[in-house]
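# my questions are about this predicted structure, shown below with the sequence.
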Amino acid sequence: MGKRVVGYGATSKSTTILNYSDVGSDLIDFIVDTTPTKQNKFTPGMHIPIKSYSAFSNDYPDTAILFAWNHKEEIFKKEKNFLSQGGKWISHVNI
C-alpha cells in the first residue's frame, strides 16, 4: 500500500510477539530504540533491523507500532510531533 511502518522500542516483549505472529521485515521496515547496544543489530528470529531513534525522528513513518507499550504515556508526550505530522500509533494491546 506504499505506507511505511516501523516499530518503536526493541523490547523482549516485541521479540515474542513478532516471532509468534511471524511478522518480519516484509511488514516492518525497522524498529527504533534508544539503547545504543541494541542499535545496528537485528531482532532475534525475524531479523528486523534495529536503528537509532534518529531514524524515526528525522523521517517519520506513516505508522509506528508501539512495542514499549508499558511506557506509552511518556512516549506519547515525547512524540506529539509524530501525531501532528499525521502519524498513527498501533499496538497489539489496547493503547
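Thanks, I have the structure now.
# would E74 count as being in a strand?
No - E74 is assigned helix when assessed by DSSP: H, G, I helix; E, B strand; the rest coil, not a strand.
# for the chain, just list every one of the helices.
12-21, 54-57, 72-78, 80-84 (DSSP state H).
# check which residues of stretch 15-28 are buried.
Buried positions in stretch 15-28, judged by neighbour count with 16 or more other C-beta atoms under 10 Å: T15, I17, L18, V23, I28. Placement of C-beta: from N, CA and C, glycine included.
# no wait, stretch 80-88
So, applying 16+ other C-beta under 10 Å, buried residues of stretch 80-88: F82, G87.
# oh, and call the first residue 22 from now on, that's how I've got it
In the new numbering, first residue 22, that becomes stretch 101-109.
# this protein: strands as residue ranges?
In the chain, the segments counted as strands under DSSP state E are 26-29, 52-53, 62-63, 70-72, 84-87, 109-111.
# just the endpoints, please. Distance across stretch 81-101?
Using C-alpha to C-alpha, to the nearest Å, the end-to-end distance of stretch 81-101 comes to 12 Å.
# let me redo that: stretch 59-79
For stretch 59-79, the end-to-end distance is 19 Å (C-alpha to C-alpha).
# and if you look at stretch 107-114?
21 Å.
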